[in-house]
Structure formats: structure tokens, C-alpha cells
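**Q** Any chance you can model this:
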Amino acid sequence: MMRLYALRITDCGFTPMADETAGTTCLLINIGHVLTRVAYCSPVEGVARLVALAEASTTASGPDGLLEGVRRAVTNLEALLGRRLLDEEGRLRRPCDADGHGVGGAVVTTSLAWPLRVALAGVARDYSLASAFRAVSVPHVTLVRMVALDASTRRWETDDLQALVESPPAVLVLVGGVDGGPVAPICDLAQALGAAYSALPENTRPTVVYAGNVQAHRPLSAALSGVVDLHLVSNVRPSLGVEYLGDLRAEVMRLFYRRALGWPEALQAVEQWAGTSVRYDLDAMARTLRFTARRHSLKRGVLGVDVGGSGCRLLWVQPAGAPLSWATPYGTGAGLGALRELNDPTAVLR
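**A** Residues are numbered from 1 along each chain as shown. Down below sits the predicted model:
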């Protein structure tokens, strides 16, 4: 287990300062819905070891927002360690001094956001839609629906379109066609969805990302601009033999951190205080599980379970390929309310 902590330090973006070695101390911080947890890791015989853990209630209000809960957790950690990690003004002491006070670096993750609900709609199931699926198969995304053009009738199924409107995802990804090919099918879909979404309250309409034939950019903008937030990115299948996933994946990640986290100013304050970027905790968990799968040659992968106060999440990671995630609203704190609503006592039995 301690070697897994060493992996997370390296993979989550911790870079020692110029005058420090790779074996320096590190502060690990995770901000959850209910609790903020901190861990202190220090090198022992060349391997990063977990020395102490502490926690405090996550704070959402107050002048310092989330940072107040982080500082309280670190203060609790200082009492266990007998070392000073904060200065008189509550700032993180970097780097370590000769007496062992301070830390060499910090890693900050958060589980404040649920995975982003994404739906896919595309013309060719085996080409552009398959590429879009690979692009959005990341830990912070839950795929809620895939809609493909009917191959025999070349029409969109009414039930599929109705589902996209009655239960709209947070993000709808549209794909279809190689660059320079026909645009009629995807434009027909955009016009139908534009008319339907215009009748919905603005705060329930999805963000639409188009990653298909670039020839469709202008008609799609005409059909959807002013109705939904439309983002145009590079085609995932510019030609039949070429697949390009980078722009679509980056855009979905950007939307996740912008829309799903919902704590931009509070998290920016934590980033500035810690001197590092805040990462989604499932990203770190996926890297740890992949390391485990590769280290022990587990071809079928590793299943990770995160039981939290407001919900539970599962993450399945294989030695290669995209990780798959699934979330539920059932937890050990605020998530107990969702269990009560089931009205089924057996739901909590082992």
C-alpha cells in the first residue's frame, strides 16, 4: 500500500522544488463533500511512506471557503506529527527546513463533483460513434446514452431523440461523417434537437460539442446557436483510416472542470495556497489502479470502490485502455437519505 502512495505522489503532478531531491516530503490533500482529509508522506529507505493522516469538516462558506477546511485538517495533522507545516499566516511552509518543518510539495484532489453525464449521437456506429466513445471514456465521465442513425432507414429513431430531450445530459456530443462528406443526417438531428431544446428551461439544456465533419459547422451553428452552448472541435474521424481523439477529450475535460466542479473561485484559492493544480480524485485513483494491474499482471483489471459520505463510486481499470466509472447517490453521510427513499431494508444488508 505504501508503494501505491509513492505512485500517486509522482503521477498526480508533484514536482520537487529545484533545490530538493525526489525523496522529499509531500502533503496529500483530498477535499470531499463531507470531509477534507490530509496525509503526510516522507521518504524511508528511498520509498515514500505514509506517516500520518488527519481530517476536518469540509467548509463551503466563510471568508476562506474550502481553504478554511484544508487549513483545519493540516492543523490537526501538525498535532500528530509534532511539526509545523503552516506559517503564522496559515500559508503552507515550503520547502522543508533543517528541523523537518514544512513540506517539499503538495498534491490536491477533490471529489466535490459527480462524473459528467454525457450522451453520444452519431451517424456511423462503427466509425465516428466508436471513436467518440473512446474519446469520452475517462474517469470523470458517465456515459448515459448512445444514439446512432438507423442503418436501414437512414433516419433517427423517435424514441432516441425523445430520450435526449426528456432526460437531457449535461453534455451532448455529436459526431458523424468524414471531412468533406455529406452533412444532411447530422444537420437533420441538430435541427430537431434545436427545436426541442428551445422549449426547455435554459438551465436544463445540455452543452453540445460537435466533433464531426467540418463541413457541417456552419449549418450546425445556425441550428443550435442561441439555443444551447455549442462547441466545435476537430473531427474524431477526419477520414476512415484516421482517428483523432485529442480535441474532443480535452474539451470534455475542460467542461467537466468548468461546469461539474462548480467551485471555481474556492478551488483556485486552494491551488494558489498549495502551489499546485487541483485534480479530480478519480483520475488519481485510476492511475493507482492501472499501476496495480500492470505490476501484478492482472489482465482483467482492478475494480476500485470509493465509499463516501454523499455517494459511492466504482472504477474499473485494465492494464491498457480507458477506465470505466459508475456512481450512485448512496453514501455513509448525506447519502443515507437516498437509501431511505428506497424503502427497502435489505438494501443495507451485507
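
**Q** ok, now how distant is the residue nearest to Y127 when sequence neighbours are not counted from V123?
**A** Once flanking residues are discounted, Y127 sits nearest to R237: 5.5 Å by C-beta to C-beta, 6 or more residues apart in numbering. Placement of C-beta: from N, CA and C, glycine included. Shown here: R237 relative to V123, a distance of 10 Å by C-beta to C-beta, to the nearest Å.

**Q** Which neighbours do these two have in common?
**A** V175, G177, G212 (C-beta atoms under 8 Å, 6 or more residues apart in numbering).

**Q** Where do the strands of this structure begin and end?
**A** Assigned by DSSP state E, the strands in the chain fall at 26-31, 35-44, 47-57, 105-110, 116-122, 141-148, 171-175, 207-210, 230-232, 278-280, 302-307, 312-317, 324-328.

**Q** I'd like the ones you listed written out as TSV, with distance to D247 added.
**A** Formatted as TSV, the entries for those read as follows, by distance: least, C-beta to C-beta, whole Å:
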stretch	distance to D247
strand 26-31	29
strand 35-44	34
strand 47-57	36
strand 105-110	25
strand 116-122	15
strand 141-148	15
strand 171-175	12
strand 207-210	9
strand 230-232	10
strand 278-280	20
strand 302-307	29
strand 312-317	24
strand 324-328	22
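
**Q** mind checking which of the ones you listed is nearest L161?
**A** strand 141-148 (7.5 Å; C-beta to C-beta).

**Q** ok, the closest one: who's next to it in the sheet?
**A** Looking at strand 141-148 with DSSP bridges, its paired strands and their directions are strand 116-122 (parallel).

**Q** Between strand 171-175 and the partner strand, find me the angle.
**A** Angular relation of strand 116-122 and strand 171-175 on a 0 to 180 degree scale: 20 degrees, by axes from the mean of the first three to the mean of the last three C-alpha atoms, to 10 degrees.

**Q** With just CA atoms, put strand 116-122 into CSV.
**A** Output in CSV follows, covering the C-alpha atoms of strand 116-122 (Å, rounded to 0.1, in the frame of the first residue of the first chain):
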residue,chain,number,x,y,z
LEU,A,116,-20.2,14.4,-16.0
ARG,A,117,-23.3,12.9,-17.7
VAL,A,118,-22.5,12.6,-21.4
ALA,A,119,-24.6,11.3,-24.3
LEU,A,120,-23.3,10.5,-27.8
ALA,A,121,-25.1,10.8,-31.1
GLY,A,122,-23.5,9.9,-34.4
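
**Q** so for it, what's the average pLDDT?
**A** Confidence over strand 116-122 (mean pLDDT, whole number) is 90.

**Q** So what's the gap between that strand and the chain middle?
**A** Centroid displacement of strand 116-122 relative to its chain, using C-alpha atoms, centre = their mean, to the nearest Å, is 15 Å.

**Q** The residue nearest to Y127: neighbouring residues, count only.
**A** Summarising burial for R237: neighbours were counted as other C-beta atoms under 10 Å, giving 28.

**Q** cool, the one 3 residues further on as well?
**A** Under the neighbour criterion other C-beta under 10 Å, L240 is assigned a count of 11.

**Q** The closest residue to it other than its chain neighbours and P95, how far apart?
**A** With C-beta to C-beta, 6+ apart as the criterion, L240 has its nearest non-adjacent residue at 6.2 Å, and that residue is V178. Going from V178 to P95 by C-beta to C-beta gives 53 Å.
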